[in-house]
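Trainee: Make a model of this:
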Amino acid sequence: MSVSCRLCVVNRFFNATFFFFAVSSSLSAWSAERREVHEPSWKTTDARRASCTYAKGSLATATLGTDAARIPIKHVVVLMMENRSFDHYFSGLKKYYPEPWSEQQPNSVDAKADGYNLDSHGNKFFQKRAPHYCTVNTAHDWESVHDQCNLDSAGKCLMDGFVKSSEPNGDRAMFMYTEEDIPFYYFLANTFATSDRYFSPLLGPTWPNRFFFYGATSWGRHRTPDLPIGPVDIARSPDIVVKMRLARRSVKFYHDGIVPFAASTFVDPTRIGRSIKHLEEDARENKLGDLSIVDPTFLLGKSIDKANDEHPPSNMQEGSAFVARVVKALAANEETWKNTVLFITWDEHGGFYDHVPAPKACDPGDGLGAKTVDERGTPVRFDHYGPRVPLLVVSPYAKRHYVSHHVADHSSITRFIEAKFNLTAMTKRDANAFPLLDMFDFTRAPDTSDRQKLLSSANSVTVDQTESKWCKNNDPLDGSSNLAACRAALSSGPACKEVDQEPNNSPAHATPLAAVSCHSLFRDSGKTAKGSLPCAGDQDFFAVDAVDAKTCTVNPSTTILSDDVEICVFPICNNGQVSSVTCERGTKEEELGILDVGCCGTGKGKKIKLNYNCKGLDDSARIYYRVKPTSTANKCIDYSFKYEL
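Mentor: Prediction:
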């Protein structure tokens with residue numbers, strides 16, 4: 001072959017090679033472009049889910065398409081705080097998402113800072129920055145939240161009853177916080193993914209809203225407190241914990257307080273879990289479970305300056321510091337972090353104003369709500385979302401600087417877990433829930449480039465000590481400060497109105513431990529506790545630290561300083577395992593629920609002395625005091641008692 005022919009062959013080879021690479025590059029670019037504009041599979045089922053088409057037992061791939069099977073995350077962590085609405089925390093988020101709001105615009109957010117409500121006299125109260133980091137609780141029981149929503153004849157929430165439902169001084173329902181108050185939350189919302197269409201599951205209080213995360217139902221419960229979830233309930237409708245365990249998936253519970261929510265509301269001692277320090281250890285050693293459920297220190301077992309669940313009147317900055325601690329734990333080890341998603345949300349709005357009308361929701365379909373009525377005689381229904389709450393999705397797979405506008409609730413997190421671990425839906429609610437898939441990008445490798453920035457922001461979280469001291473010295477839970485409001489409520493009618501607490505259930509339907517989460521006081525030994533009961537049927541609960549020991553014997557002594565009240569003292573050690581109770585002074589009384597036996601006394605000067613033994617785990621014992629009026633007259637009752645441990 002001549003030299004010229006050989007050169008021709010070489011030229012043809014290089015031309016063919018160039019053509020091959022050019023075509024390959026074009027195909028790659030075309031493929032990438034196709035991936036970029038690829039319609040997510042879950043969009044094809046939007047209409048059917050919105051009309052509640054899918055039933056219990058449906059797999060996520062059937063209700064969302066193949067994208068539901070492509071979740072590379074290994075560890076799902078859920079942290080649920082307490083009682084804050086979206087506008088209450090994120091009214092200033094438009095600073096970071098300034099585009100006009102549109103369902104198709106992730107750089108826009110539906111936040112409001114100039115909303116208003118009227119009080120019962122027609123006075124207009126606008127949103128305003130809260131004067132302190134702790135505030136008196138706002139009304140958020142079943143009836144009050146329905147009043148706040150205020151459904152019109154078409155079934156639409158008017159969102160105009162927040163101030164009225166928390167009277168007197170109902171303007172506190174319009175309080176909001178700014179980026180200056182909660183900078184870490186604003187950092188997370190601006191850096192990672194958030195949502196402005198994430199609603200609490202129902203128009204009601206803490207317990208049933210939290211239950212919807214666990215079971216996509218509340219098993220018919222609509223109060224806080226209510227009957228705990230027992231074996232019969234789980235047999236009828238297993239929750240996500242049971243379904244994960246049946247699928248041989250690991251579930252771990254971590255808590256900062258005495259017990260996690262699931263241990264005190266489900267009759268299941270396996271949900272007690274371990275302290276938050278074990279979360280830090282497990283994350284550091286890359287030993288997280290498939291699902292981890294993290295709880296803060298709830299208000300029931302600590303003083304308000306130490307509670308970090310953000311339930312009023314606790315200092316909300318303490319809650320932000322706790323969330324930062326959890327984030328630091330998860331992000332400390334890059335290997336753990338790159339395989340983890342952290343869902344941070346709040347169980348319900350807590351009575352604080354939000355302007356977006358809560359929409360209709362899919363009823364769980366278990367028929368349990370129709371079996372009961374509320375205090376007004378209205379049938380209980382679970383086919384309506386409650387007001388919006390914040391949601392933060394923090395993960396190397398989370399889209400950066402993104403706002404989702406897809407309607408979702410706590411069962412959406414549950415559906416995400418079901419999608420990841422190929423579990424069937426528990427009710428119609430989670431079967432039709434959107435599992436927040438738009439907030440992730442699973443087409444790329446996990447992005448850990450901002451991990452150090454995240455850790456730096458978490459490390460910078462502080463608690464304002466001046467405010468902390470103010471909250472400690474101006475305890476909004478101190479019953480003596482409610483006396484004027486109590487008398488005002490009685491004089492202005494209706495005949496009996498409860499003040500500054502969730503309405504208590506009939507004692508026959510409430511567990512005393514749970515009631516503490518509604519209205520509790522914590523004082524050091526040797527102090528005098530004071531309060532006032534606005535109605536003859538009311539009762540107050542106090543929580544008091546006893547000792548810090550793995551095995552404890554405690555002998556509290558109590559002296560009643562007022563007439564017209566009965567005081568009962570109930571013990572609990574850590575997980576409720578009280579082995580014996582004797583009444584040295586006072587009358588022994590048995591109660592329903594986790595506080596089984598206590599000692600009671602009636603009238604001024606009566607002394608109550610309790611002896612009990614318990615076997616704790618690694619936390620403090622607690623003593624609970626129940627205060628009830630002995631008079632049936634509709635009058636305000638001042639009371640006080642002294643206790644020594």
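
Trainee: what stretches of the stretch 451-600 of the chain score poorly on pLDDT?
Mentor: 475-527, 532-556, 572-580, 590-596 (pLDDT under 70).

Trainee: let's see it at 50
Mentor: Scanning the stretch 451-600 of the chain for pLDDT under 50 picks out the ranges 477-525, 536, 545-554, 574-576, 592-595.

Trainee: what does the chain give?
Mentor: Looking along the chain with the criterion set at pLDDT under 50, you get 2-10, 13-14, 16-37, 301-303, 477-525, 536, 545-554, 574-576, 592-595, 616-620.

Trainee: would you list every one of the helices in the stretch 301-450 of the chain?
Mentor: For the stretch 301-450 of the chain, helices defined by DSSP state H, counting those that start in this stretch occupy the ranges 316-331, 334-337, 410-421, 428-431.

Trainee: if I look at S449, how far off is A331?
Mentor: 12 Å (Cβ to Cβ, to the nearest Å). Just so you know, the C-beta spots here come from the backbone N, C-alpha and C atoms, and that holds for glycine as well.

Trainee: before we move on, back to that, quickly compare the helices of the stretch 301-450 of the chain and say which is most buried.
Mentor: helix 428-431 (a mean of 29; mean count of other Cβ atoms under 10 Å).

Trainee: Which strands and helices lie in contact with the following helix or strand past it?
Mentor: Downstream of helix 428-431, the first helix or strand assigned by DSSP states H and E is helix 451-459. For helix 451-459, the contact count by 3 or more Cβ pairs under 8 Å, 6 or more residues apart in numbering; DSSP states H and E identifies helix 183-191, helix 316-331 as packing neighbours.

Trainee: Determine the set of other helices and strands touching the last one.
Mentor: For helix 316-331, the elements it packs on are strand 75-81, helix 183-191, helix 276-284, helix 334-337, strand 340-346, helix 451-459, helix 465-473, judged by 3+ Cβ pairs under 8 Å, 6+ apart.

Trainee: Could you work out which of these reaches nearest to P98?
Mentor: When the helices and strands packed on helix 316-331 are compared for distance to P98 using Cβ to Cβ, the nearest one is helix 183-191, at 11.7 Å.

Trainee: quick one: the residue positioned nearest the centre of the chain from V389, how far?
Mentor: Centroid check for the chain by Cα atoms, centre = their mean gives D347 as the closest residue, at 2.6 Å. Look at D347 and V389: by Cβ to Cβ, they are 7 Å apart.

Trainee: before we move on, back to that, the helices and strands packed on helix 451-459 into JSON lines, with extra columns for distance to C134?
Mentor: Shown next, in JSON lines, are the helices and strands packed on helix 451-459 (distance: least, Cβ to Cβ, whole Å):
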{"stretch": "helix 183-191", "distance to C134": "17"}
{"stretch": "helix 316-331", "distance to C134": "7"}
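
Trainee: For W219, which of those helices is the nearest?
Mentor: Here helix 316-331 is closest among those (Cβ to Cβ), at 27.7 Å.

Trainee: thought the residue nearest to the centre of the chain was touching V78?
Mentor: No. At 11.2 Å, D347 and V78 do not qualify as touching, with contact defined as Cβ atoms under 8 Å.

Trainee: just to revisit the earlier point, name all residues that make contact with the residue nearest to the centre of the chain.
Mentor: 80-83, 200, 206, 209-210, 389, 410 (Cβ atoms under 8 Å, 6 or more residues apart in numbering).

Trainee: now do 6 Å
Mentor: 80, 82, 206, 209-210 (Cβ atoms under 6 Å, 6 or more residues apart in numbering).

Trainee: Could you do G598 as well?
Mentor: 568-570, 589.

Trainee: Considering those residues, which is situated nearest to G57?
Mentor: F570 (42.0 Å).

Trainee: The closest one: neighbour count?
Mentor: If you count neighbours by other Cβ atoms under 10 Å, F570 ends up with 27.

Trainee: Mind telling me what element it is part of?
Mentor: F570 belongs to strand 565-573, assigned by DSSP H and E.

Trainee: What pairs with that strand, parallel or antiparallel?
Mentor: Applying DSSP bridges, strand 565-573 is found paired with strand 597-602 (antiparallel), strand 620-629 (antiparallel).

Trainee: picking that back up, distance to E644 for the helices of the stretch 301-450 of the chain - can I get that in JSON lines?
Mentor: Formatted as JSON lines, those follow (distance: least, Cβ to Cβ, whole Å):
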{"stretch": "helix 316-331", "distance to E644": "28"}
{"stretch": "helix 334-337", "distance to E644": "47"}
{"stretch": "helix 410-421", "distance to E644": "43"}
{"stretch": "helix 428-431", "distance to E644": "49"}
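
Trainee: who wins for proximity to K607 among the ones you listed?
Mentor: helix 316-331 (36.2 Å).

Trainee: Now find how far off-centre that closest one is within its chain.
Mentor: Chain-centre distance of helix 316-331: 15 Å, with Cα atoms, centre = their mean, to the nearest Å.

Trainee: same question, stretch 111-131
Mentor: Taking mean C-alpha positions (Cα atoms, centre = their mean), stretch 111-131 and its chain are 24 Å apart.

Trainee: First-to-last residue distance for that stretch?
Mentor: 21 Å (Cα to Cα, to the nearest Å).

Trainee: now swap in stretch 281-289 and tell me
Mentor: 12 Å.

Trainee: Could I get the buried residue list for it?
Mentor: 282-283, 288-289 (16 or more other Cβ atoms under 10 Å).

Trainee: With stretch 88-98 instead?
Mentor: 88-94, 96-97.

Trainee: Okay, and which of these map to helices?
Mentor: 88-90 (DSSP state H).

Trainee: I'd guessed C134 sits against M316; true?
Mentor: No. Under the criterion of Cβ atoms under 6 Å, C134 makes no contact with M316, lying 7.4 Å away.

Trainee: How much space separates the residue nearest to N286 when sequence neighbours are not counted from K399?
Mentor: Once its chain neighbours are removed from consideration, N286 has its nearest residue in T336; the separation is 4.8 Å (Cβ to Cβ, 6 or more residues apart in numbering). According to Cβ to Cβ, T336 stands 21 Å off from K399.

Trainee: what's the answer for F175, then?
Mentor: The gap separating F175 from K399 is 31 Å, by Cβ to Cβ.

Trainee: and what of I234?
Mentor: I234 is 36 Å from K399, by Cβ to Cβ.

Trainee: which stretches of the stretch 1-150 of the chain form helices?
Mentor: Using DSSP H, counting those that start in this stretch, helices in the stretch 1-150 of the chain cover 3-37, 46-50, 60-64, 86-90, 142-149.

Trainee: quick check, nearest of the ones in helices among the buried residues of stretch 88-98 to F162?
Mentor: H88 (10.2 Å).

Trainee: Verify the contact between the closest one and M176 for me.
Mentor: Yes. Using Cβ under 6 Å, H88 makes contact with M176 at a distance of 5.2 Å.

Trainee: Determine the number of other residues adjacent to S460.
Mentor: Residues near S460, counting by other Cβ under 10 Å, number 11.
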